[in-house]
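Q: only the shape, not the letters, is given here:
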């Protein structure tokens, strides 16, 4: 049975992502993104699942930074998960949930549910804890206190809490992305979901000023009709150059078009690194 | 005296950013990014300072999302601050700091100091708390416990802790950026530092598929020799389109070049919004 490491603790959104996609695996929570990625290189687990953006858990930049500067593991898959936050209480307080005397959650979740909290709990103390899962655990353990938590469905289930108000986050279209990493670039096997398409991710280091160079780099994709679903400039950590770019192309690595674009970009004096060509899974 | 709101609590990096740039102000911590921005629109404060990227405090995407979708305040300045993390203990444990029985910090700071913790405190329990400032406060309050915190210099000073190992973060060139927002787009007055240059930030919504359109959009900057210091695609929250782009141009809004580029991009069928044209301050 394959082992999948993820950024824990249990009942985080990363955990939901793992449970939604993988079939017949054992999963292991890690405390930090670097230790989770190290778990793959140290052969403790076969795959690592770590947040890439918009994360409630883990620093957003850390995944790419660690991947690029420390452990160059290939990306073998991506999971897109809707961020759904719910307000939950201990079952004994279902009737009087609007009168709770404290709301617990992760600071980012509190921020994501600004409107709900402002409208419903304007004068209720908000307590920040290190994860939404921990908030749910706290509400479960302190059943004598009339308190509530903002957390995900998984956490409500795990701690036997009752969701009294669903979808209390401000934006309905909030999703977060997770990368699946593997040492051998082995294709994913035994997934619960059909993939929704393929992506190819490149890291491009520009040799000159970004304005003109980036424009020429994009020409190489544009005239080949290669669609880019993401482009992001990121500062170099070396203090030498200024920026590099991460580009997602909306298709699988082929034999002609993407290699042709890469060769052309390299001929411009840029450095191109393939970070992965992989299926993505959109969870409803 | 002007009032500046910032993402708190006290002694966060956002607080350092405020204290490094503003002169003769009173500052007020806010608990969340939205409430800090609301502080300006509600006239509680004159300026809001909120993290934009790489943040230990506050969700990275939240600032731009709130700014774009909720309260459209002009950006009137940017602060670039190096992220420096230090290991600190209560003064009575200076001699035996390597034998502490617990390390407290924010989960992202713990992740940023992965190598140091791995080398020096491999078997020491790590305790995650909601901010590095809170970690320092905890070490100060529990002076009978032989524990340490990873936090910034400001927190060490505030809580009388002794920094026993400086710069324990993994990457030396880690910086984080903060936006200064103001209701009236009033220029900053009375700053401690000279600014290091100007930036103009545009939000561009593409009317068609990103590959070709983005390439054409960049042409408008490229042939005018307008340097872009950042480009980032971000998903729309409306579920209608797919992406928009945030572009930083490395100069002040002028009468000819940038308006010309904007007109040209609008003629391509894109929507362009000026988010601000402002000085930036690099803190050493």
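A: Structure's in. What do you need? Since the structure is predicted, the reported quantities are computational estimates derived from the model, not experimental observations. Numbers count the residues shown, from 1 in each chain, chains lettered A, B, ... in the order given.
Q: and the next element down the chain from the helix ranked longest in chain A?
A: The longest helix of chain A (DSSP state H) is helix A:210-222. With elements assigned by DSSP states H and E, the helix or strand that comes after helix A:210-222 is strand A:228-235.
Q: mean confidence for the longest helix of chain A?
A: In this model, helix A:210-222 carries a mean pLDDT of 80.
Q: and the contacts of that helix?
A: A:204, A:206-207, A:228, A:231, A:233, A:242-243, A:245, A:247, A:249, A:260-261, A:264-265, A:268, A:270, B:211-212, B:214-215, B:218-219, B:221-222, B:225-229, B:231 (C-beta atoms under 8 Å, 6 or more residues apart in numbering or on different chains). (C-beta placed from N, C-alpha, C; glycine too.)
Q: for residue A:121, what are its contacts?
A: Applying C-beta under 8 Å, 6+ apart, one finds that residue A:121 lies in contact with A:100, A:103.
Q: one more: residue A:49?
A: A:4-7, A:14, A:17-18, A:36, A:79, A:178-181.
Q: lowest-confidence one in those residues?
A: Within these, pLDDT reaches its minimum at residue A:7, with 88.
Q: need phi/psi at that residue.
A: Phi and psi for residue A:7, reported as degrees, to the nearest 10, are phi -70, psi 110.
Q: can you report how many residues lie near it?
A: 31 (other C-beta atoms under 10 Å in any protein chain shown).
Q: if you skip the residues just before and after it, what's nearest to residue A:104?
A: residue A:135 (3.9 Å; C-beta to C-beta, 6 or more residues apart in numbering or on different chains).
Q: what's the spacing between the one you found and residue A:219?
A: According to C-beta to C-beta, to the nearest Å, residue A:135 and residue A:219 sit 49 Å apart.
Q: how far off centre is stretch A:9-29?
A: The gap between the average C-alpha position of stretch A:9-29 and the chain average comes to 12 Å, counting by C-alpha atoms, centre = their mean, to the nearest Å.
Q: stretch A:92-99 now?
A: Using C-alpha atoms, centre = their mean, the offset of stretch A:92-99 from its chain centre is 33 Å.
Q: what mean pLDDT would you report for that stretch?
A: For stretch A:92-99, mean pLDDT rounds to 95.
Q: what residues does it touch?
A: Defining contact as C-beta under 8 Å, 6+ apart, one finds that stretch A:92-99 is touched by A:87, A:89, A:100, A:120, A:143, A:146, A:148, A:162, A:164, A:165.
Q: of the contacts of residue A:49, grab the buried ones for PyMOL.
A: A single PyMOL command selects the buried members of the contacts of residue A:49 (16 or more other C-beta atoms under 10 Å in any protein chain shown):
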select buried, chain A and resi 4+5+6+7+14+17+18+36+79+178+179+180+181
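Q: most surrounded residue in the contacts of stretch A:92-99?
A: With neighbours defined as other C-beta under 10 Å, the most crowded of the contacts of stretch A:92-99 is residue A:148; it has 29 neighbours.
Q: thinking again about what came up before, ok, residue A:135 and residue A:219, which is more surrounded?
A: Using other C-beta under 10 Å, the more surrounded residue of residue A:135 and residue A:219 is residue A:135, with 28 against 17.
Q: which residues does that one contact?
A: Counting by C-beta under 8 Å, 6+ apart, residue A:135 touches A:104, A:105, A:106, A:109, A:129, A:149, A:150, A:151, A:155.
Q: against chain B, how distant is it?
A: Per C-beta to the nearest C-beta, to the nearest Å, residue A:135 is found 11 Å from chain B.
Q: hmm, back to that, could I get the contacts of residue A:135 as TSV with neighbour count, pLDDT and secondary structure?
A: Putting the contacts of residue A:135 into TSV (neighbours: other C-beta atoms under 10 Å in any protein chain shown; pLDDT from 0 to 100; DSSP: H, G, I helix; E, B strand; the rest coil) gives the following:
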residue	neighbour count	pLDDT	secondary structure
A:104	26	97	strand
A:105	30	93	strand
A:106	26	86	coil
A:109	25	86	helix
A:129	21	84	coil
A:149	32	97	strand
A:150	27	97	strand
A:151	32	95	strand
A:155	30	94	helix
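Q: need the strands for the stretch 151-284 of chain A, in chain order.
A: A:162-165, A:175-182, A:197-205, A:228-235, A:243-249, A:271-282 (DSSP state E, counting those that start in this stretch).
Q: picking up where we left off before, among the contacts of stretch A:92-99, which pair sits farthest apart?
A: The most widely separated members of the contacts of stretch A:92-99, counting by C-beta to C-beta, are A:120 and A:143 (21.6 Å).
Q: so which of the contacts of residue A:49 are also by chain B?
A: Among the contacts of residue A:49, no residue is within reach of chain B (C-beta under 8 Å from any C-beta of the partner chain).
Q: quick check: chain neighbours aside, which residue is closest to residue A:261?
A: Leaving aside its sequence neighbours, residue A:261 sits nearest to residue A:220 (C-beta to C-beta, 6+ apart; 4.3 Å).
Q: hmm, I typed the wrong one, I wanted residue A:22.
A: residue A:4 (5.6 Å).
Q: ok, and what's touching the helix or strand hosting the one you found?
A: Using DSSP H and E, residue A:4 sits within strand A:2-7. Applying C-beta under 8 Å, 6+ apart, the external contacts of strand A:2-7 come out as A:12, A:14-15, A:17-18, A:22, A:24-30, A:32-33, A:36, A:39-40, A:44-51, A:57-58, A:189-190.
Q: quick one: buried ones out of those?
A: The neighbour-count criterion (16+ other C-beta under 10 Å) marks A:12, A:14-15, A:17-18, A:22, A:25, A:27-30, A:32-33, A:36, A:39-40, A:45-51, A:57-58 among the contacts of strand A:2-7 as buried.
Q: restricted to buried residues, select the contacts of helix A:210-222 in ChimeraX.
A: To isolate the buried members of the contacts of helix A:210-222 in ChimeraX, using 16+ other C-beta under 10 Å:
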select /A:204,206,228,231,233,243,245,247,249,261,264,265,268,270 /B:211,212,214,215,218,219,221,222,226,228,229,231
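Q: you'd agree the residue nearest to residue A:104 is in a strand?
A: No - assigned with DSSP: H, G, I helix; E, B strand; the rest coil, residue A:135 falls outside any strand and is helix.
Q: hmm, back to that, where strands are concerned, which of the contacts of strand A:2-7 count?
A: Judged by DSSP state E, the subset of these located in strands is A:25, A:26, A:27, A:28, A:29, A:30, A:47, A:48, A:49, A:50, A:51.
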